[in-house]
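J.: Give me coordinates for this.
(one chain, ligands or ions: 1)
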Amino acid sequence: MAAARSASTAEGSKKPAAPAPAPLTELAGWGANVRSSCEYREPETQAQVAAWLDKRGTIARGLGRSYGDAALNAGKRVLGTTRMSLFLGFDEATATLRCEAGASLAEIIRVFGPRGFFPMITPGTKLVTVGGCIANDVHGKAHHAQGSFAGCVDEMTILLASGEVVRASRTERPDLFWGTFGGMGLLGIVLTATLRLRRIDTTYFRQKKIVARDLDAMMAALDETNETYPYSVATLDIGATGTRLGGGVLVVGDHATREELPPEIAGAPLLLSPSSPKLSVPFEFPELALNGLTIQIVNEAILAIQQNPAPYSHYEGFFYPLDMLGHWYRGYGRSGFTQYQFVIPFAEGRRRMRTLLEVIMSSGQLPFLNILKRMGKESGGTLSFPREGYTFAIDFPIREGTVALVRRLDEMILDAGGRTYLGKDSYVTAETFRAMYPALDGWLATKAKYDPNNVLTSDLGRRVGLVPA
Ligand SMILES: Cc1cc2nc3c(=O)[nH]c(=O)nc-3n(C[C@H](O)[C@H](O)[C@H](O)COP(=O)(O)OP(=O)(O)OC[C@H]3O[C@@H](n4cnc5c(N)ncnc54)[C@H](O)[C@@H]3O)c2cc1C
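T.: Numbers count the residues shown, from 1 in each chain. Sure thing, here's the model as predicted:
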């Protein structure tokens with residue numbers, strides 16, 4: 001972890017030798033629905049990363065929380081970055097942290113939380129690396145108010161395919177800087193990043209639960225609370241059909257100040273969470289057991305955590321309910337699952353959402369955890385996912401017909417002028433991806449400039465046309 005290696009070894013002065021070929025290791029995305037045999041290595045120094053960049057194809061891997069094939073590279077090299085997680089400097093006056101890109105948000109919270117700082121932007125798990133957050137330009141519950149991860153990154157150092165280490169910022173190599181957000185690790189390996197953290201008075205949130213009886217009420221509640229609360233997320237009751245379709249619970253909130261904390265928690269306003277989850281799914285459910293009932297049980301366990309807001313919530317329950325249930329994905333069985341996330345424009349958003357939900361509910365698939373949120377303005381990341389509109393994410397355990405459903409949804413999203421999120425995706429085709437991301441040609445020009453021989457490759461890159469198949 002962050003303190004395990006001294007700063008003097010971080011830059012690595014001597015050039016290490018290229019490693020002998022290693023046996024292939026099976027790696028999976030977080031959904032466990034796609035797997036590849038890859039040559040997996042875990043460098044400890046920047047010099048090792050450079051020496052281990054295999055010209056036949058290399059991709060970085062953080063904590064493997066992307067659901068699909070973003071950090072897989074069949075038959076080729078995958079460089080795990082988590083041993084490169086040092087904090088290199090912190091300026092308290094500007095709340096600016098310089099760290100290696102393998103540092104996790106969990107580690108940043110552990111060290112800086114008690115001092116009154118928190119990551120500026122966080123996805124729904126803290127078990128992600130800074131490099132992974134940059135490559136997917138991740139968003140959180142407050143995208144409509146706070147934007148995506150790109151907004152808190154001032155500068156990066158990036159190892160290019162040529163072996164050169166360069167700086168990228170809004171003013172220095174801006175094409176590389178913006179292309180790296182949403183660039184899925186395919187322009188270069190981020191070695192270090194300079195991030196602005198958020199000052200917090202407490203590690204608690206004031207929150208409110210709004211129950212909506214149907215989709216219209218839910219979307220009206222999302223729209224009405226948009227200006228008042230920076231954080232908001234809805235969970236639809238996915239069993240509800242007919243006039244109740246799209247009903248569920250919206251939880252909105254904001255940071256709590258010390259003055260407002262109730263006495264029972266006011267004594268430790270910057271309390272951190274215990275490091276290990278309280279509950280755990282003990283093993284992968286066998287396929288035979290994977291039916292509506294088991295799905296319902298696991299679903300309800302998770303919903304109980306998500307939809308039980310007391311007036312004040314610790315950040316752990318507010319941001320990271322799934323981190324509290326260890327190995328929750330095992331509930332989906334050995335075939336794994338896919339998370340499908342899209343964003344569609346606000347115009348006609350309600351009508352389109354209704355049709356999408358109807359298609360999902362009549363598909364015969366077993367839809368699972370879901371989240372509905374509003375998104376705000378784009379970050380400027382060339383291939384970043386977030387754009388203004390409604391975003392919906394839903395899990396499907398893999399069964400016969402799941403891929404066909406996802407492809408049908410892709411067509412509907414495209415028709416609505418929306419796009420799907422590569423950080424979650426496993427199945428979008430190159431043709432559909434190109435139609436969803438009109439900035440693709442600009443990004444490919446940046447790729448040709450910084451990695452003309454396509455040294456940085458991945459299964460996802462080949463699948464969606466970011467590198468040659
Ligand atoms: C429970 C859960 C909740 C989630 N909630 C959200 C959410 O609310 N919002 C959201 O946006 N995402 C969410 N995600 C997705 C997750 O935030 C992203 O997939 C994130 O990128 C994962 O980071 P990682 O370190 O695990 O990266 P990995 O999954 O290992 O890799 C992801 C990508 O980053 C690249 N990469 C990793 N390190 C580097 C590096 N040093 N240099 C260059 N490229 C690199 C990889 O090549 C790959 O393309 C969630 C995931 C889970 C499991």
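
J.: Contact partners for the closest residue in space to F181 that isn't next to it in sequence?
T.: Nearest residue to F181 in three dimensions, chain neighbours excluded: G381, at 2.8 Å (C-beta to C-beta, 6 or more residues apart in numbering). Every C-beta, even on glycine, is put in place using the N, C-alpha and C of the backbone. By C-beta atoms under 8 Å, 6 or more residues apart in numbering, the contact set of G381 is D137, S148, A150, W178, G179, T180, F181, G182, G183.

J.: Return the subset of the residues you listed lying in strands.
T.: Judged by DSSP state E, strands contain none of these.

J.: Just the buried subset of these, please.
T.: The neighbour-count criterion (16 or more other C-beta atoms under 10 Å) marks D137, S148, A150, W178, G179, T180, F181, G182, G183 among the contacts of G381 as buried.

J.: which of the residues you listed sit farthest apart?
T.: Maximum pairwise distance in the buried ones among the contacts of G381, criterion C-beta to C-beta, is 14.9 Å, between S148 and G179.

J.: ok, and G461, which helix or strand is that part of?
T.: If you go by DSSP states H and E, G461 is part of helix 459-464.

J.: Contacts for that helix next, please.
T.: For helix 459-464, using C-beta under 8 Å, 6+ apart, the contacting residues are 34, 36, 59, 68-70, 72-74, 184, 186, 422, 425, 428-430, 433, 466-469.

J.: just to revisit the earlier point, closest one of the contacts of G381 to D91?
T.: A150 (20.1 Å).

J.: So for the nearest residue to the closest one once chain neighbours are set aside, what's the pLDDT?
T.: In space, and not counting its chain neighbours, A150 is closest to S379: 4.0 Å by C-beta to C-beta, 6+ apart. Per-residue pLDDT puts S379 at 96.

J.: Burial check on S379, number of neighbours?
T.: 23 (other C-beta atoms under 10 Å).

J.: how about it, what does it touch?
T.: With C-beta under 8 Å, 6+ apart, S379 has these contacts: D137, G147, S148, F149, A150, G151, F181, P386.

J.: Check the secondary structure at the last one for me.
T.: What it means is P386. With DSSP: H, G, I helix; E, B strand; the rest coil as the basis, P386 sits in coil.

J.: roughly how far apart are it and P123?
T.: P386 sits 11 Å away from P123, going by C-beta to C-beta, to the nearest Å.

J.: More neighbours: the two, which one.
T.: Shown here are P386 and P123; by other C-beta under 10 Å, P386 has more neighbours (25 against 22).

J.: Does the ligand have contacts with stretch 29-47?
T.: Yes. Using C-beta under 6 Å from any ligand atom, stretch 29-47 reaches the ligand at W30.

J.: residue boundaries of the strands in the stretch 151-300 of the chain?
T.: Assigned by DSSP state E, counting those that start in this stretch, the strands in the stretch 151-300 of the chain fall at 153-159, 165-169, 189-199, 204-212, 231-236, 248-255, 279-280.

J.: and the residue in the stretch 251-400 of the chain that the ligand sits nearest to, how many neighbours?
T.: Distances between the stretch 251-400 of the chain and the ligand by C-beta to the nearest ligand atom are smallest at L322, namely 4.2 Å. L322 has 17 neighbouring residues, counting by other C-beta under 10 Å.

J.: next one: P263
T.: Around P263 there are 6 residues (other C-beta under 10 Å).

J.: So what's the predicted local confidence for it?
T.: pLDDT, P263: 94.

J.: Pass me the low-pLDDT residue ranges in this structure, would you?
T.: 1-14, 274-309, 326-331 (pLDDT under 70).

J.: can you list the residues of it near the ligand?
T.: Residues of the chain lying close to the ligand by C-beta under 6 Å from any ligand atom are 30, 59-66, 70-71, 81, 101, 123-125, 128-129, 131-133, 135-136, 138-140, 184-185, 189-190, 322, 423.

J.: hang on, the earlier thing: which one among the buried ones among the contacts of G381 gets closest to V233?
T.: For those, the nearest to V233 is S148 (15.4 Å; C-beta to C-beta).

J.: Let me see the contact set for the closest one.
T.: S148 touches I121, D137, V138, H139, F181, S379, G381, S384, P386, counting by C-beta under 8 Å, 6+ apart.
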